[in-house]
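Asker: Fold the following.
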Amino acid sequence: MALVSEFLGQLSLNVGTIEPKFPTVVPARDFDPDRDAARIETAIKTKGVDEQTIIDVLTKRTYAQRRDIAFAYEKRAKKDMITALKGALSGSLETVILGLMRSTSQYDASEIRGSIKGLGTDEETLIEILCSRSNDEMVEIKAVYKELFKKDLEKDVAGDTSGNFAKLLLALVQTKRAEPTSVVDFEKVDQDARKLYEAGIQNKGTDVVSWISIMSERSVPHLQRVFQRYKSYSPYDMQESIVKEVKGDLQKSFLVLVQCFENKQLYFAKRLSEAMKSKGAKEKVVTRIIVSRCEVDLQKICSEYKSNFGQTLQKTILEHTKGDYQKAMLSLCGPEQ
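Answerer: As a prediction, the model looks like this:
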């Protein structure tokens, strides 16, 4: 039971405003956890393992439904389903299926933990997750991180990064971002745009602290207006200014933030395109985005992908992946739109 409670314990938090969702994985109709548990048990016991059935069932159920299947499986087989799946599967498919047995926030928390424990830090993963998650998502990730690893996310991030890069990530983890309001404060928009310009392009040297406070504390709709207004002060847009003013991981982090403020789903679509077109498709990135966003906004990511790259994400997956991994990824993306 320990494993089930460790992976499937769900924190329900009432936080902030709920962003609209565009999932590709939605609750299955006529859902019967006992029937699904029986199908999974048979698939695992089959000689050579029936991967197709495991994919068909688990990629077409929401996390809440997968959790119900796991409890039904345990009652039926007197075994932990996650342990059984680990024993039956291997490689990329195992990574995807075990990822699906976590809630979105548990999955994010585990990916963050994986990127900072051990030798060296996987800055790319850390930047992608911390700079793209909403305030509400971050609040939940912090709570789940504490529950799963008995550690504070802030302390772990602080212990594993340094300088202004650490300051920016910590500011994001502290979730001080203002909630969006229906009232537009044009004076504040102008002040922030001017401050970003004065703290960067206008003067020699960059006042990174000012950039961090504006970009980690203002609401997303406010920042979208600030970046528009910024163009009336600076000869460069915000992304060009970031490239000119800062370097390394700090530059990457600011760029991801600005891209996500402007169009988060387009940011993920670009990440997927780069990952699949790079030599030896960066499977880890593809898996992380599709698994972590399938119950959030993957439908919108697919639509941005098609608009910007002239073909569907599903077609690109067909071209750059293979086998059971390909089947699982296609199933999570849903039919071509």
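
Asker: contacting residues around K142?
Answerer: Counting by C-beta atoms under 8 Å, 6 or more residues apart in numbering, K142 makes contact with 152-154, 173, 175. Where you see a C-beta, it was placed from the backbone N, CA and C, and this is true even at glycine.

Asker: Output whichever strand or helix holds it as CSV - backbone C-alpha positions only.
Answerer: If you go by DSSP states H and E, K142 is part of helix 135-149. What follows is helix 135-149, C-alpha atoms only, in CSV (Å, rounded to 0.1, in the frame of the first residue of the first chain):
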residue,chain,number,x,y,z
ASN,A,135,1.0,30.6,-9.7
ASP,A,136,-1.7,28.0,-8.8
GLU,A,137,0.3,25.2,-10.4
MET,A,138,3.4,26.3,-8.4
VAL,A,139,1.6,26.5,-5.1
GLU,A,140,0.5,22.9,-5.6
ILE,A,141,3.9,21.7,-6.8
LYS,A,142,5.5,23.1,-3.7
ALA,A,143,3.0,21.3,-1.4
VAL,A,144,3.4,18.0,-3.3
TYR,A,145,7.2,18.4,-3.3
LYS,A,146,7.2,18.7,0.5
GLU,A,147,4.8,15.7,0.8
LEU,A,148,6.8,13.4,-1.5
PHE,A,149,10.4,14.4,-0.6
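
Asker: Can you point out the buried residues in it?
Answerer: 135-145, 148 (16 or more other C-beta atoms under 10 Å).

Asker: One more: stretch 239-246?
Answerer: Across stretch 239-246, burial judged by 16+ other C-beta under 10 Å covers 241-242, 245-246.

Asker: Need these in CSV (columns: pLDDT, distance to K21 and secondary structure).
Answerer: Shown next, in CSV, are these (pLDDT from 0 to 100; distance: C-beta to C-beta, whole Å; DSSP: H, G, I helix; E, B strand; the rest coil):
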residue, pLDDT, distance to K21, secondary structure
S241, 96, 32, helix
I242, 96, 29, helix
E245, 94, 35, helix
V246, 95, 33, coil
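
Asker: from those residues, which is closest to K195?
Answerer: For those, the residue nearest K195 by C-beta to C-beta is S241; the value is 12.7 Å.

Asker: That closest one and L196: what is the separation?
Answerer: If you measure S241 against L196 using C-beta to C-beta, to the nearest Å, the figure is 8 Å.

Asker: Next, show the common contact partners of the two.
Answerer: Shared contacts of S241 and L196 (C-beta under 8 Å, 6+ apart): Y230.

Asker: Please identify which of the buried residues of helix 135-149 is nearest to C294.
Answerer: E137 (14.4 Å).

Asker: Which element, helix or strand, includes the nearest residue to that closest one once chain neighbours are set aside?
Answerer: Nearest residue to E137 in three dimensions, chain neighbours excluded: S105, at 6.8 Å (C-beta to C-beta, 6 or more residues apart in numbering). Assigned by DSSP H and E, S105 belongs to helix 104-116.

Asker: Does anything pack onto that helix? Which helices or strands?
Answerer: Secondary-structure packing of helix 104-116 (3 or more C-beta pairs under 8 Å, 6 or more residues apart in numbering; DSSP states H and E): helix 123-132, helix 135-149, helix 153-160, helix 283-293.

Asker: one more time with 10 Å, if that's ok
Answerer: When contacts are defined as 3 or more C-beta pairs under 10 Å, 6 or more residues apart in numbering; DSSP states H and E, helix 104-116 sits against helix 2-8, helix 63-77, helix 91-100, helix 123-132, helix 135-149, helix 153-160, helix 283-293.

Asker: CA atoms only for that helix - export them in PDB, please.
Answerer: What follows is helix 104-116, C-alpha atoms only, in PDB (Å, rounded to 0.1, in the frame of the first residue of the first chain):
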ATOM      1  CA  THR A 104       0.300  16.600 -12.900                       C
ATOM      2  CA  SER A 105       1.700  18.400  -9.800                       C
ATOM      3  CA  GLN A 106       3.400  15.100  -8.600                       C
ATOM      4  CA  TYR A 107       4.900  14.600 -12.000                       C
ATOM      5  CA  ASP A 108       6.300  18.200 -12.100                       C
ATOM      6  CA  ALA A 109       7.600  17.900  -8.500                       C
ATOM      7  CA  SER A 110       9.400  14.600  -9.400                       C
ATOM      8  CA  GLU A 111      10.900  16.100 -12.600                       C
ATOM      9  CA  ILE A 112      12.200  19.100 -10.600                       C
ATOM     10  CA  ARG A 113      13.600  16.700  -7.900                       C
ATOM     11  CA  GLY A 114      15.300  14.600 -10.600                       C
ATOM     12  CA  SER A 115      16.800  17.700 -12.100                       C
ATOM     13  CA  ILE A 116      18.500  18.900  -8.900                       C
END
